[in-house]
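1. Structure of the sequence below:
(2 chains)
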Number of protein chains: 2
Amino acid sequence: MKSCGVVVEYNPFHNGHLYHLEKSKKHTEADCMIAIMSGNFLQRGEPAIIDKWHRTEAALKGGADLVLELPFLFAVQHSDYFSQGAVATLAAIGVESLCFGSENGKIEAFTKAYSHMKNNKEDYDVTVRKYLNEGYSFPEASRLGYEAVEFPTNTIDLSQPNNILGYSYVKQILTHAPQMEPLTIQRKNNHYHEDTISGSIASATSIRKELLKQRTLTSQATQSIPNDTAERLTAYKGKTSIWHDWEAYFDLLQYKILTMDESTLRCFHGVDEGLEYRMKRTMKESTSFNGFMNALKTKRYTWTRLQRTLAHILVGTDKEEVRQGLRENPVPYARVLGMTARGKEYLRAAKKQTDIPLITQPQQLEHPMLDLEERASAAYYSVLSPELRVERMKREYGAPVIL
Amino acid sequence: MKSCGVVVEYNPFHNGHLYHLEKSKKHTEADCMIAIMSGNFLQRGEPAIIDKWHRTEAALKGGADLVLELPFLFAVQHSDYFSQGAVATLAAIGVESLCFGSENGKIEAFTKAYSHMKNNKEDYDVTVRKYLNEGYSFPEASRLGYEAVEFPTNTIDLSQPNNILGYSYVKQILTHAPQMEPLTIQRKNNHYHEDTISGSIASATSIRKELLKQRTLTSQATQSIPNDTAERLTAYKGKTSIWHDWEAYFDLLQYKILTMDESTLRCFHGVDEGLEYRMKRTMKESTSFNGFMNALKTKRYTWTRLQRTLAHILVGTDKEEVRQGLRENPVPYARVLGMTARGKEYLRAAKKQTDIPLITQPQQLEHPMLDLEERASAAYYSVLSPELRVERMKREYGAPVIL
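-> Numbering: from 1, shown residues only, chains lettered A, B, ... in the order given. Model (predicted):
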């Protein structure tokens, strides 16, 4: 069975995702589309607007045959680790190609850039280190590094988050999974960070913004998502009364930061260079997540980096468990969140060939990364009523979504 | 100036406390009544119904001249450490006597019991250890220990919490502060644990129960407390909309326990003997504090012991800081929460003679125990709105109450 992988967050699944899935399937002539998706927390360090189960349902309805969970440890990381986890998982279960969206839709731009960077790695590293030492943020130091080695920016603009991710996928594939084919198709209409919805294809950012601001499915939001997504958004809110955003977690975060001493705070992934002192000081005066972030951020600590760090504080990810987790090669398991009949068939065949355990429920395997996943979900559902929390946490141990 | 100390929680200050203060003052002919009071968390591991500032005001109105804070580290402990902190603080600022309430009102019963126990210490210790090893709770093992050494239970009944505390004060005084005179006066009418209010003297337990159940100042509650306490209870609730009880903290507690792995949970004071596993397991299924406690408690883990441990988890007290804190001899500072003109005068004189810093605001001294105090208050106020939390935490750094 021919397979094609996609790396996704589906927060929420929208028409652009639908388009990408359809185009990728056609382009690769795949029989089985395999999505590796972030769970309840996302790459930019945000809680997902609805939980992974409802997002999985929408993905299956939208054309994915198999949805795997990108473990929290890889999901809430900068693009390198994020891609490492995603590519390694897809490779481990024998997925033949990976197809991502990009502005120009030409894979050569990415593979050439990779070769160029490989040949200039040392110069790039030296430059990045230099600017980091001078207090630049990582994205900024990285941009200056690319500039220094004359990265072909006319073909890939690395100031675009989607291009950075695409480039990371290609790098991971060519370095660690050369049997997999990297492919890209041109994105339609929107930009990742675009703030407002225009037309039927809009960015996930703009859709979330609309939903969280209006607190209801407006016609503007509805026009940019499939019906199945609208149903899932409505169903989730019907059950829990909320769509998740950081503000809902502010009380927990403030409580946690203010009841830990600095040395404990320093144990969490991402709390470095004295950030613990700045965090405690700032938190004492803050009355909202947005206010806290605005007071906390600096040139060096970008919004995304801080959000990711705060997600790790909220969940309680300590440095040591990240160090150990990232040492796993390639990945310790693949967890299925949902599948169609075709996905099930693919999985059955993959099971015979893969070296890693394929699990459909976390209790099938003992692994620290699954303990962390459980804590991430416990944190995610902490903003619900006690009864709903217990119920949603039971779901965490239930069977995958079957379509 | 003649001084008399009392060890109190005033949760809330009621007619029995008023009676005790008046009687103690008369009995000792003291010019200055000095109360050492638990802060925002209490000996039995509960959040105080209203904060320490409002309780301090009620205490000054009720006849105390000086209110000192018993540090959290000593306050939320079993009777031995609780008494150690209280007696050492009073002794350090030169208080001449300590007067506590007891059932029979005869100090000889306590001093004789102390001599008896001193002579039979080894037998007592061996017996207690034996029963603890067999899985008995500490109070039960201790009772069996007293029985084994033929403790004069006809004069002091150590199944009464107030007698246990009284006995601990006497033990601390005779062992560490022999210059201080231990005194007792007979309690009036009620028992510490009595559940319902009857008449104008009722137990703090019954008053809290009435207030927390009815969520308003009923006439029954009002008859058992001075007007000044009623005013403070009303004022606090007017500002914050709540009277504190454990249920209000259940969300935070559940969030914290479910997002920590067992090895982190084990670092908190009181989490021993595998309790971390039982706690996590039980918490997963719980939807209220009361339900959680009922499912958690066993013969060995009594309600009070568990509550204390949970207070330490909520606040984040780790074992190492308790170990270091209890090593301090006698105590690292005395912090003033409030005073009358007379109390101020006493303090001025005491300052010249004492070896420890007397502080009126926590920022006057750098000490780990004050950091812990700050975290305890941050945890206590975590159930308020963000704006109120910030405001109440500023109060924490303000001047003492002056009457």
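
2. switch to C-alpha atoms for all contacts and neighbour counts from now on
-> Will do.

3. Any idea which residue of the stretch 1-150 of chain A lies closest to chain B?
-> The nearest approach of the stretch 1-150 of chain A to chain B comes at residue A:72, 13.4 Å away (CA to the nearest CA).

4. starting at the chain centroid, how far to the worst-scoring helix or strand of chain A on mean pLDDT?
-> For chain A, scoring each helix and strand by mean pLDDT, DSSP states H and E identifies helix A:138-148 as the least confident one, at a mean of 84. Centroid displacement of helix A:138-148 relative to its chain, using CA atoms, centre = their mean, to the nearest Å, is 22 Å.

5. Nearest residue to the residue of the stretch 1-150 of chain A closest to chain B in space, please, no chain neighbours.
-> Excluding its sequence neighbours, the residue lying closest to residue A:72 (CA to CA, 6 or more residues apart in numbering or on different chains) is residue A:373, at 6.0 Å.

6. Please point out which parts of the least confident helix or strand of chain A sit buried.
-> A:138-146 (16 or more other CA atoms under 10 Å in any protein chain shown).

7. one step back: double-check the residue nearest to residue A:72 against residue A:71; I have them as touching.
-> Yes: counting by CA atoms under 8 Å, residue A:373 does reach residue A:71; the two are 6.9 Å apart.

8. Summarise which helices and strands the biggest helix by length in chain A is packed against.
-> Longest helix in chain A, counting residues (DSSP state H): helix A:161-176. Using 3 or more CA pairs under 8 Å, 6 or more residues apart in numbering or on different chains; DSSP states H and E as the contact criterion, the elements in contact with helix A:161-176 are helix A:79-92, strand A:97-102, helix A:107-119, strand A:181-186.

9. Could you rerun that using 6 Å?
-> On a contact count with 3 or more CA pairs under 6 Å, 6 or more residues apart in numbering or on different chains; DSSP states H and E, helix A:161-176 meets helix A:79-92.

10. Run the chain-centre distance for the helix it packs on.
-> In terms of CA atoms, centre = their mean, the centre of helix A:79-92 is set 11 Å apart from its chain centre.

11. Would you mind checking the average pLDDT for that helix?
-> Helix A:79-92 carries an average pLDDT of 95.

12. Tell me the helices and strands packed up against that helix.
-> Against helix A:79-92 (3+ CA pairs under 6 Å, 6+ apart) you get helix A:72-75, helix A:161-176.

13. Can you flag the weakest of the ones you listed by average pLDDT?
-> Among the helices and strands packed on helix A:79-92, helix A:161-176 scores lowest, at a mean of 91.

14. Other residues contacting that helix?
-> The contact list for helix A:161-176 (CA atoms under 6 Å, 6 or more residues apart in numbering or on different chains) reads A:79-80, A:83, A:110, A:158.

15. Which residue comes closest to residue A:217 once chain neighbours are left out?
-> Residue A:217 sits nearest to residue A:211 (CA to CA, 6+ apart), 6.2 Å away.

16. next one: residue A:6
-> With CA to CA, 6+ apart, the residue lying closest to residue A:6 is residue A:35, at 4.8 Å.

17. just residue A:336 next, same as before
-> residue A:68 is the one closest to residue A:336 (CA to CA, 6+ apart), at 4.5 Å.

18. Just to check, the one you found is in contact with residue A:333?
-> No: shown here, residue A:68 and residue A:333 do not form a contact pair, counting by CA atoms under 6 Å, at 10.4 Å.

19. Looking at these two, which has the bigger crowd around it?
-> residue A:68 (26 against 20; other CA atoms under 10 Å in any protein chain shown).

20. Make sure the more buried one is indeed in a strand.
-> Yes: checked against DSSP: H, G, I helix; E, B strand; the rest coil, residue A:68 lies within a strand.

21. contacting residues for it?
-> Taking CA under 6 Å, 6+ apart, we find residue A:68 in contact with A:36, A:335-337.

22. mind putting these in a markdown table, pLDDT included?
-> Formatted as a markdown table, those follow (pLDDT from 0 to 100):
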| residue | pLDDT |
| --- | --- |
| A:36 | 98 |
| A:335 | 98 |
| A:336 | 98 |
| A:337 | 98 |
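
23. Include neighbour count and secondary structure when you put those residues into a markdown table, please.
-> Listed next are the contacts of residue A:68 as a markdown table, based on neighbours: other CA atoms under 10 Å in any protein chain shown; DSSP: H, G, I helix; E, B strand; the rest coil:
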| residue | neighbour count | secondary structure |
| --- | --- | --- |
| A:36 | 26 | strand |
| A:335 | 22 | strand |
| A:336 | 24 | strand |
| A:337 | 27 | strand |
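
24. Of those residues, which is the nearest to chain B?
-> residue A:335 (20.7 Å).

25. So which residues of the stretch 301-403 of chain A form strands?
-> Along the stretch 301-403 of chain A, the stretches classed as strands by DSSP state E, counting those that start in this stretch are A:334-339, A:358-359, A:401-402.

26. Against which helices or strands is the second one packed?
-> Packing partners of strand A:358-359 (3+ CA pairs under 6 Å, 6+ apart): strand A:334-339.

27. ok, the strand it packs on: who's next to it in the sheet?
-> Paired strands of strand A:334-339, with direction, are strand A:66-70 (antiparallel), strand A:358-359 (parallel), strand A:401-402 (parallel) (DSSP bridges).
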